[in-house]
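Undergrad: Sequence below, structure please.
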Amino acid sequence: MQNDFNSVVQPILESLVASGEEVGLQVAAYVDGKLVVDAWSGVADEQSGRPVDGDTLFTSWSTTKGFVATCIHILADRKLLEYDAPVATYWPEFAANGKVTITVRHLLTHSAGLPQMPEDVTVEMMTDWDAMCRAIAGHTPLWTPGTQTGYHAWTFGWLLGEVIRRVDGRPIEQFAQEELCQPLGIKDFYMGIPDAVEDRVATLRQEPAHAALENEWNELQLRVTPPHVTTAAVVNRSDVRHAVIPGGGGIMNARAIARHYAMLACHGALDGVRILSEARIDTIRAVQVNEVDAVSGGLARRGLGYALGGDPAEGGAISMGTGGGEFGHGGNGGSLGFADPERKFAFGLTKTLMKANPDPKQSSAYRLAEAIRQQLAQ
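TA: Reported below is the predicted structural model:
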């Protein structure tokens, strides 16, 4: 089965690189718990010409958020936290400045009103976990929690990561390794890399914004994703690669992403290892938000910590599929991971060239995932 799917995917990868649409990328996919695609093409570092291989690691931006959400759900499944409990129940200092009513559900659905980065944020500050959590705990919400949604691009990771630490006692990077990655045999997912793997990390390049997307950022967007800390150059820095930045600094390969989502696509278990209950899978992919996002200005359709598939005109992420029950998370520039429980299909894409396309059907993720879906339908 693997060769059949790879024979469909590999030519697309080669074409994307040959045309200049991509520089280097990996794709992995599971169907019914089995790895059926493990493919790559291009270069990991343009200066040296180092090629991409299956072990290359990529900073995959907000694709990291899907792993963070799953860690929260592990705690909920064990009845160690409740979605509708105030965050301050677990993190007392968080209650300051009007945040006493903010719940874990608000964090997962980007409706807490805390998308803004600290006004004095620097790259160095972002590598300091305690400094970022203190600053965010001192924030005042930008709107009444629960009344609207707005993408918490960076802050999502520190908010939920600190909840995990307060509930469990372990920092998020340790919890993710011990409770999610190790049980599933995921070897190449990092929130803060060890020195030993740095020479495997790809160098990202940021493409200028597409003309159709070149609107001036408004004040809120500048506060949420300050340009001086939200660039390829920043995440290519060694100190950032070694830091724990779970909102957008995870480093991984496509195999790791796809295996994580294979567990979710198979209703919480993979290869005899159960991570989440079957009932939890339906809970976490149920629609929580389907409205205009205050930060992006576009429609957003979200579950508990994940984006949901569906028609883009209705806020869905079409790369995940159009059934509506698909769920996962993409990253700045085009990386993606998702689970499709109806098809028992899981997908992971990592890449070096950060680019946005106004037509989601022209994205590499859509084209590759759709090719696999078409093969599944045969």
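
Undergrad: Only C-alpha atoms from now on, for both contacts and neighbour counts.
TA: Noted.

Undergrad: Which residue ranges of the stretch 201-350 of the chain form strands?
TA: With DSSP state E, counting those that start in this stretch as the definition, the stretch 201-350 of the chain shows strands at residue ranges 205-206, 251-252, 269-270, 273-274, 289-292, 299-302, 307-308, 327-330, 336-340, 345-351.

Undergrad: Nearest to Ser48 among these would be which one?
TA: strand 205-206 (13.8 Å; Cα to Cα).

Undergrad: how about the nearest residue to Phe338 once chain neighbours are set aside, what does it touch?
TA: Once flanking residues are discounted, Phe338 sits nearest to Gly328: 3.9 Å by Cα to Cα, 6 or more residues apart in numbering. For Gly328, the contact set (Cα atoms under 8 Å, 6 or more residues apart in numbering) comprises 66, 261, 306-308, 320, 336-339.

Undergrad: Quick check: pLDDT value at Gly328.
TA: The predicted local distance difference test score for Gly328 is 98.

Undergrad: Please name the bridge partners of it.
TA: Per DSSP bridges, residues listed as beta-bridge partners of Gly328: Ala307, Phe338.

Undergrad: so which of the contacts of Gly328 comes closest to Thr140?
TA: Closest to Thr140 out of these is Tyr306 (24.7 Å), distances taken as Cα to Cα.

Undergrad: Next up, the contacts around that closest one.
TA: With Cα under 8 Å, 6+ apart, Tyr306 has these contacts: 65-66, 69, 108, 285, 327-329.

Undergrad: got it, and Ile74?
TA: Contacts of Ile74 (Cα under 8 Å, 6+ apart): 275-276.

Undergrad: now this structure, which segments are flagged as low pLDDT?
TA: Counting by pLDDT under 70, the chain has low-confidence residues at 1-3, 209-215.

Undergrad: Against Leu336, how distant is the residue nearest to the spatial centre of it?
TA: Central residue of the chain (Cα atoms, centre = their mean): Thr63, 1.9 Å from the mean position. With distances defined as Cα to Cα, to the nearest Å, the gap from Thr63 to Leu336 amounts to 6 Å.

Undergrad: want to throw the contacts of Gly328 into TSV with distance to Thr101?
TA: As requested, these are exported to TSV (distance: Cα to Cα, whole Å):
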residue	distance to Thr101
Gly66	25
Tyr261	32
Tyr306	22
Ala307	24
Leu308	26
Met320	33
Leu336	32
Gly337	32
Phe338	31
Ala339	32
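
Undergrad: List just the nearest of these to Gln26.
TA: Distance to Gln26, by Cα to Cα, is smallest for Leu336 among the contacts of Gly328, at 10.8 Å.

Undergrad: nearest spatial neighbour of the closest one, skipping sequence neighbours?
TA: When the adjacent residues along the chain are set aside, Leu336 lies closest to Gly330, with 4.0 Å between them (Cα to Cα, 6+ apart).

Undergrad: which residues does the one you found contact?
TA: For Gly330, counting by Cα under 8 Å, 6+ apart, the contacting residues are 61-63, 336-337.

Undergrad: who wins for most neighbours among these?
TA: Of all the contacts of Gly330, the highest neighbour tally under other Cα atoms under 10 Å goes to Gly337, namely 34 neighbours.

Undergrad: quick one, what contacts the nearest residue to that residue once chain neighbours are set aside?
TA: If you skip the residues right next to it in sequence, Gly337 has Gly348 as its closest partner in space, 4.4 Å away by Cα to Cα, 6+ apart. For Gly348, the contacting residues are 27-29, 254-258, 335-338, taking Cα under 8 Å, 6+ apart as the criterion.

Undergrad: For beta bridges, what are the partners of Gly348?
TA: What pairs with Gly348, by the bridge criterion (DSSP bridges), is Ala28, Gly337.

Undergrad: and it, how far is that from Asp128?
TA: Using Cα to Cα, which is the criterion applied here, Gly348 is 29 Å from Asp128.

Undergrad: ok so, going back, how much space is there between the residue nearest to Leu336 and Val167?
TA: Between Gly330 and Val167 the distance is 27 Å, computed by Cα to Cα.

Undergrad: And for Ile284?
TA: Using Cα to Cα, we find Ile284 at a distance of 19 Å from Val167.

Undergrad: again, but for Asp199
TA: For Asp199, the distance to Val167 equals 34 Å [Cα to Cα].

Undergrad: Which one of the two is surrounded by more residues?
TA: For Asp199 versus Val167, neighbours defined as other Cα under 10 Å are more numerous around Val167 (15 against 9).

Undergrad: what comes up buried for the one helix or strand the more buried one maps to?
TA: When elements are assigned from DSSP states H and E, Val167 belongs to helix 155-168. Counting neighbours by 16 or more other Cα atoms under 10 Å, one finds that the buried residues in helix 155-168 are 155-166.

Undergrad: and the gap between Pro341 and Phe327?
TA: When distance is defined by Cα to Cα, Pro341 is 9 Å away from Phe327.

Undergrad: Who has more neighbours out of the two?
TA: Phe327 (32 against 23).

Undergrad: All the helices of the stretch 51-200 of the chain, residue numbers only.
TA: Listed in chain order, the helices found in the stretch 51-200 of the chain under DSSP state H, counting those that start in this stretch are 64-77, 104-108, 123-126, 129-137, 155-168, 172-176, 182-184.
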